[in-house]
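Student: Sequence first, then the predicted structure, then my questions.
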Amino acid sequence: MATKASSRRSQQERTRATTDALLSTARELFVTHGFAATSLGAICDRAGVTRGAFYHHFSNKEQIFREVYAVEQKELAAVVRRAFWTQRDAWDGMFAGCKALLEASLEPAVRKITLVEAPGALDWNAMRDIQAGCKEQMRSGLAVAVEAGCIPARPLAPLTSLLYGAICESALDVAHAEDQRAALRDTLTQLDLLLAGAAGRAAPGCAHKDE
């Protein structure tokens, strides 16, 4: 006889499976057809669930897009975090993290969700709320760089906003460029100079700060 605990686990597993199926299906359709051209009915049909089941998990198409976008942001944050910690030098880690974000944003599905569809599907405040974790991650990286002596101690809030805003805007520009790879190379060159200036030296990396 099934226990109440096992029944609860089974229900939670079914709920998670349905939610995952809806999110995966919605992402696929948003990438292929775009947010506006994807109907709620198409999501339900492709996922093999009823509209009632959909509304049990999400209130509307906008909410499921928001969840898809949030997952993309979390995955991008993980990419940045891994790149940052592969570097022994925290300031080199900042460059590596920013570079990884710009490169990951060019992956076609990521680009479509985060840079093409999101600005039209979500309002500015919603995007800003979802991106808050990524921005805080950048502030934490800057704090590590200050602690390591890679950059002088300074107010981190304005520096975080300046750098994060620049990276987000650059990602949009690169994504919409006719030659994305060339635009990425030019952006990374300027990023190198920007970070060097923020650190008060000619080239990025703690190893260069006393040269």
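Tutor: That came in fine, so what should we check first? Numbering: from 1, shown residues only.
Student: If you count residues, where's the longest helix of the protein?
Tutor: Longest helix of the chain, by residue count under DSSP state H: helix 4-33.
Student: Mean confidence (pLDDT) on that helix, please.
Tutor: Here helix 4-33 scores 84 as its mean pLDDT.
Student: so where's the protein shaky on pLDDT?
Tutor: Applying pLDDT under 70 to the chain picks out residues 1-9, 201-211.
Student: My guess is residue 198 contacts residue 156. True?
Tutor: No. Contact criterion CB atoms under 8 Å: residue 198 and residue 156 do not qualify, at 11.4 Å. (Each C-beta comes from the backbone N, C-alpha and C, glycine too.)
Student: Who has more neighbours out of these two?
Tutor: Neighbour tally, residue 198 and residue 156, criterion other CB atoms under 10 Å: the higher count belongs to residue 198, 19 against 16.
Student: okay, which residue is most central for the chain?
Tutor: residue 73 (2.7 Å; CA atoms, centre = their mean).
Student: Now do the same contact list for it.
Tutor: Residues counted as contacts of residue 73 (CB atoms under 8 Å, 6 or more residues apart in numbering) are 114, 130-131, 133-134.
Student: And the furthest pair within those?
Tutor: Farthest-apart pair in the contacts of residue 73 is 114 and 133; separation 13.8 Å (CB to CB).
Student: between the two, who's got more neighbours?
Tutor: Per other CB under 10 Å, whichever of residue 114 and residue 133 has more neighbours is residue 114, with 26 against 13.
Student: Distance of that one relative to residue 35?
Tutor: From residue 114 across to residue 35, the span is 12 Å (CB to CB, to the nearest Å).
Student: repeat for residue 138
Tutor: 27 Å.
Student: Can you show me the helices along this structure?
Tutor: 4-33, 40-47, 51-57, 61-85, 90-104, 108-111, 118-121, 124-147, 156-175, 180-199.
Student: what's the first one packed up against?
Tutor: With contacts defined as 3 or more CB pairs under 8 Å, 6 or more residues apart in numbering; DSSP states H and E, helix 4-33 has these neighbours: helix 40-47, helix 51-57, helix 61-85, helix 108-111.
Student: Tell me which of these is the most buried.
Tutor: helix 61-85 (a mean of 18; mean count of other CB atoms under 10 Å).
Student: possible to save the helices and strands packed on helix 4-33 as TSV with distance to residue 176?
Tutor: Listed next are the helices and strands packed on helix 4-33 as TSV, based on distance: least, CB to CB, whole Å:
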stretch	distance to residue 176
helix 40-47	27
helix 51-57	32
helix 61-85	18
helix 108-111	9
